[in-house]
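Participant: A predicted structure for the sequence below; I have some questions about it.
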Amino acid sequence: MITTYGQDGGRSFGRTIDTGQILPAGTVWIDMLHPTEEERAAIAGMVGIDLPTHEEMKEIEVSSRLYVENGSIYLTTPVITRADTEYPGLGVVTFILTNGTTKGGYLVTVRYVEPKSIETFASRLNRQPELIAGAEAALLGLLDAVVGRVADLLELIGSRLDGIGRRVFDDPLPAKSKEAAKKPDALREVMRDIGRVGDLTNKVRDSLAGLDRLATYLATISTGRLNKEQKALLKSLNRDLRSLGEHAGYLSQQTNFLLDATLGVINIEQNAIIKIFSVVAVVFLPPTLIASIYGMNFHFMPELDKPWGYPLALGLMVLSAILPLLYFRRRGWL
């Protein structure tokens, strides 16, 4: 699908076109979502550039993602998709600043994913048509929207980690309640949540690393194409990316801390269960010993012929079970 954005009479527009149509007058940004070979060929012929294939976009070498070809600047970076779902994804988007005959040329985006940041920027154009005043302005506006989305995701991750921390460390349940007995199962669910948050954090860090390389490269090779305000905005984006990268690193450390803490709490809960079994085994050991003694088949056992032998054996077994319990309670083990 090909969608064109631009200005017409001081107002912004967004129009979907087919391969047989020409670009509307005033087009600045050409957005290609899941382009077919026919659509790629049509746009390549209209703007005079070579469009990267999906396989080329997925290459991880910096030289394959950030380069200049025939005066056009190619910038490919990973972006977060489906971040609000249970299974977030990481896709790549290519931004191309063409070196057209008109002033500033076009901004062409090629993508096979649907990040929320691009939709947010497209909807913002109706209220702020100055964002689409030129290809460079559109590129910086898109990058600002992507960075803003990453910042929102870091806030979301931080709030999720706070919630997980409360679930791990807060224990208002009585030690002998039925709910407390189910805590190990609840902690296993906490570990799953930590895994999901950790996966999202790693994807955000990958996206920030790609955006940081992109912004640094753009600042290096865009001399003469950006005005003073755009250069200041690009520097601001660079600073934001560095600070967000540091914050993402802190959240990653917090995730690892919560994972270790959860494993520690699970071990404590398991040790408590094992402790109960150990106490039960110790309590029943002396009665078992007494019962074993009087279960031996020796002929000369005086107590077997006494009328008080059976009550004596039962009393000894009960007493031998009570004494260890009293000892454990006095020592604070129970």
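Facilitator: That came in fine, so what should we check first?
Participant: now the longest helix seen in the chain: how far from the chain's centre is it?
Facilitator: The helix that spans the most residues within the chain, counting by DSSP state H, is helix 228-293. Relative to its chain's centre, helix 228-293 lies at 17 Å (Cα atoms, centre = their mean, to the nearest Å).
Participant: immediately after it, which helix or strand?
Facilitator: helix 309-330 (DSSP states H and E).
Participant: and that next one, what's buried?
Facilitator: 313, 316-317, 320-321 (16 or more other Cβ atoms under 10 Å). For the C-beta atoms, the positions are set from N, CA and C on the backbone; glycine is no exception.
Participant: okay, and the helix or strand of this structure with the least pLDDT?
Facilitator: Ranking every helix and strand in the chain by mean pLDDT, DSSP states H and E puts helix 178-181 at the bottom, with a mean of 51.
Participant: before we move on, back to that, now the angle from the longest helix of the chain to helix 309-330?
Facilitator: Angle, helix 228-293 to helix 309-330, by axes from the mean of the first three to the mean of the last three Cα atoms, to 10 degrees: 150 degrees.
Participant: tell me the mean pLDDT for helix 228-293?
Facilitator: Average pLDDT, helix 228-293: 86.
Participant: which strands and helices sit next to that helix?
Facilitator: helix 135-169, helix 183-221, helix 309-330 (3 or more Cβ pairs under 8 Å, 6 or more residues apart in numbering; DSSP states H and E).
Participant: tell me the pLDDT at Thr94?
Facilitator: 91.
Participant: ok, the one 4 residues further on next?
Facilitator: With respect to pLDDT, Thr98 has a value of 87.
Participant: residue contacts, it?
Facilitator: 47-49, 72, 105-108, 135 (Cβ atoms under 8 Å, 6 or more residues apart in numbering).
Participant: next: Thr262.
Facilitator: 168, 187, 190-191, 194.
Participant: okay, now the unreliable bits of the stretch 1-150 of the chain?
Facilitator: The model of the stretch 1-150 of the chain has pLDDT under 70 over residues 100-104.
Participant: related to what we said a few turns ago, dump the buried residues of helix 309-330 into CSV; add pLDDT and distance to Ile96 as well.
Facilitator: Below are the buried residues of helix 309-330 laid out as CSV (pLDDT from 0 to 100; distance: Cβ to Cβ, whole Å):
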residue, pLDDT, distance to Ile96
Ala313, 82, 93
Leu316, 83, 91
Met317, 84, 87
Ser320, 85, 85
Ala321, 82, 82
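Participant: let me know the closest of the residues you listed to Leu140.
Facilitator: Checking the buried residues of helix 309-330 against Leu140 by Cβ to Cβ gives Ala321 as the nearest, at 78.8 Å.
Participant: ok so, going back, tell me the one among the buried residues of helix 309-330 nearest to Ser117.
Facilitator: Nearest to Ser117 among those, with distances taken as Cβ to Cβ, is Ala321, at 68.3 Å.
Participant: OK, contacts around the closest one?
Facilitator: Contacts of Ala321 (Cβ under 8 Å, 6+ apart): 283-284, 286-287.
Participant: can you pull the domain assignment for the chain?
Facilitator: With domains defined by automatic domain parsing, the chain comprises 2-270, 271-330.
Participant: pick the most deeply packed of those domains.
Facilitator: domain 2-270 (a mean of 17; mean count of other Cβ atoms under 10 Å).
Participant: so how far is that domain from its chain's centroid?
Facilitator: For domain 2-270 - counting by Cα atoms, centre = their mean - the centre lies 13 Å from the chain centre.
Participant: wait, what's in contact with the residue most central in space within the chain?
Facilitator: Central residue check for the chain by Cα atoms, centre = their mean: the C-alpha nearest the mean position is that of Leu200, 0.9 Å away. Going by Cβ under 8 Å, 6+ apart, Leu200 touches 80, 83, 88, 153, 157.
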